[in-house]
Structure formats: structure tokens, C-alpha cells
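>>> Prediction below, plus the sequence it came from.
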Amino acid sequence: MRLLVRFASTTTRSMALGTGGIPAARLRSRARPARDAVTPDELNRLFEARVESASGIRSSGGTDADDSRLIAREAIDFMQRSVTDGEPFFVVIWFHSPHMPLVDPEAITPENSADALKDGIENLDSAVGMVRQTLRELGVRDNTMVWFTSDNGPENRVDTPDEANPNRSFRTGRLRGRKRSLFEGGIRVPGLLEWPAVVSAPSTTSVPCVTSDYYPTIVDYLGLDLPAQKPLDGVSLRPLIEGRVDRRERPIGFEFAGRAAWVDNEFKLVRDGRNAPWELFHISADSEPALLEAPERALATSENVDRQPEEWRARFAEMLRDFENWEQAIQPSRDEPGPR
């Protein structure tokens, strides 16, 4: 199994690859340093040196341009060398596009224009196609796990049209909130898995998943025993991938700038600010997106929970207690020195 993980930014920009064609036992038996590891500063200098010479890419500022194909070429080079050497590989590809500033790859349309967005997304699509085609050419496509997702909802700009305007460049599908929000418009994004050797037929799921699930899923499929493993927020998605479950076994927690959310399958507790009230919603996939977290649809809030039916009072109290326990449990990791 090989693993390719791609992660996206403002709308859809992330990808990951794995260990195609190499038995898991062999993968487990190898413990070696990362190949050609570079620091962020070295990587930036690499982009600066190569971006001007990369075919079809123009830039005056390195990664401020639409560099999707450049990034894909670097990943492809690593994958080709790994397969030539008979080594498994793990690749995480963070595409800059379509992240602001939006730069037209052909340098024709203005920065941050709708045309620049369209061209940037097309360039991203082309880059993803390059990576997938390479997997086919290397003969490792079937046993390479490929994930594709985004890190958040669309950027919020004061000069963008109203959400209902069909000409709006960045849209959330009428979900409440946008980037930096913990309402669904800020955190509900597409997630795709391609792995022909295991996922032989197309399917969809309404079970909420999160990128924190990638690591335990990979460890599960590799059969690794990690006795010193610290507690994880994520869960293995293997039972879901193999069609053995239809619910998530552990909720998903979010915290950002005083905001917080706790997602437990079809229920969600969310607080839109440190001093804002908690709101409990039913976020069924069958619901009308615009109504999913409409304030008037809250099952209970901090301000009225005592007046709600017992079912919602109990659900509210249980989820709030679980969130507070989780928040306390992750505090030691916040206090540890090192990068975040």
C-alpha cells in the first residue's frame, strides 16, 4: 500500500499518496529517515529558483502565483525515485491554489478576479491529473491510497457578493459560515478516497470524518503495533471504508479563536465565540443546507435549554460534558513547546 494525501486550502486543495504495490510487511520493516528532507525556508528558495523556469507557470513572488503544476512535479519526481528504488512512499501535497491572492497562470486577468479563480482551479485540476497519471504509469495506482480534501470553507471578503448571488466566486452551498467559522460553511468540505485495490465501487457516506482520521486509518491498514502512541483525536476509518459501520465511534472536536464545536454524528454543539451561547443542531445530510444551522432551528441553546424537552436537555448536557472533558484532555499538548 502506498499513501498519497493531498490537502487543499480555501476551496479544495489537499492530496495524499501512500505505498503502492509494496507489501505492508515490507513497509513495516523499514525504518529510515525521510528522503531529501528540507526546511520550509529551503523549500521556499527551491520554489523561487524553479518557478520562473517551470513550463506554463509565471510568478513574481514564488508561491504567491498559481504553482499547482510546479508542486505536482516535485511530488512526481519523489514518487518516481521511490518506485525506482523499490521503496514505499508517503506524500502530502498542499496546493496553494485557489487561495488568495488568486493569480491567473497566464497573467491575463486581474488578481483575485473570477477569471483568475477559474483558471487557477483548472490549473489545480491539471496538476492532480498529472499525479494520478503518474501513478498509472508507475504501475502502482491500484495499491496507492489517495485522499483529496480541503482544509476549510471559502474565504470571506467584504467585497464579495451576497451568498445567494449565483455569480459569487466562492460559495458554500448555502451552509452557514465561511472560512474561520466553525459552522458547517467553515468546516464541512468534500472528502474523497481513491484506492482501487480496496474501494472497487463508488459509494458515499454521511458519516462525518476529519483529517485527524488519516493517521489511525493508515496505522490500522498497516497492522502496526504502537505501544507508545499518545492518545489520538482521530479514529480509523477502515470499518467505514469496508462498509462495516454507519456511525462514527468518537466525536470530532474543534477550537479556533474562542470558537468551539463538537460533532457527534448527526448532532453538533457549536459556540461562535468565547462569550457566545452554545447551540445544539441536528445536521442531517438530508436537511436543506440553508436551514442546517439556522438559529431558529437550534434544538437547544445555553439560554433556553432548561425549557426544552428532556431528550434535547440530556443531549445538550452530555455533549457539553464530553467537549469539556476533551478540552481538558488536550491541554497538556497545548502546553508542550514546539511548532503548532
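Right, received. Where do you want to start?

>>> count of neighbours near the residue lying closest to Glu279 once chain neighbours are set aside?
Closest residue in space to Glu279, ignoring its immediate chain neighbours: Ala298 at 4.5 Å, by Cβ to Cβ, 6 or more residues apart in numbering. From N, CA and C alone the C-beta is placed, and that goes for glycine too. Using other Cβ atoms under 10 Å, Ala298 is surrounded by 21 other residues.

>>> and what of the one 10 residues further on?
In terms of burial, Gln308 registers 17 neighbours under the definition other Cβ under 10 Å.

>>> For it, give its distance to Asp225.
Look at Gln308 and Asp225: by Cβ to Cβ, to the nearest Å, they are 46 Å apart.

>>> same question, Gly253
To Asp225, Gly253 is 27 Å away according to Cβ to Cβ.

>>> So for the two, which sits in the more crowded spot?
Higher neighbour count among Gly253 and Asp225: Gly253, with 20 against 7, using other Cβ under 10 Å.

>>> contacting residues for the more buried one?
Residues near Gly253 by Cβ atoms under 8 Å, 6 or more residues apart in numbering: 233, 260-263, 323, 326-327, 330.

>>> okay if I get the residues you listed as JSON lines plus pLDDT?
Listed next are those as JSON lines, based on pLDDT from 0 to 100:
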{"residue": "Asp233", "pLDDT": "93"}
{"residue": "Ala260", "pLDDT": "97"}
{"residue": "Ala261", "pLDDT": "97"}
{"residue": "Trp262", "pLDDT": "98"}
{"residue": "Val263", "pLDDT": "97"}
{"residue": "Phe323", "pLDDT": "97"}
{"residue": "Trp326", "pLDDT": "96"}
{"residue": "Glu327", "pLDDT": "95"}
{"residue": "Ile330", "pLDDT": "90"}
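
>>> Type out the PyMOL command that picks the buried ones from these.
In PyMOL, this line selects whichever of these come out buried by 16 or more other Cβ atoms under 10 Å:
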select buried, resi 233+260+261+262+263+323+326
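
>>> Adding distance to Leu124 and secondary structure, write the contacts of Gly253 out as CSV.
Output for the contacts of Gly253, formatted as CSV (distance: Cβ to Cβ, whole Å; DSSP: H, G, I helix; E, B strand; the rest coil):
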residue, distance to Leu124, secondary structure
Asp233, 28, coil
Ala260, 31, strand
Ala261, 28, strand
Trp262, 32, strand
Val263, 28, strand
Phe323, 35, helix
Trp326, 34, helix
Glu327, 36, helix
Ile330, 33, coil
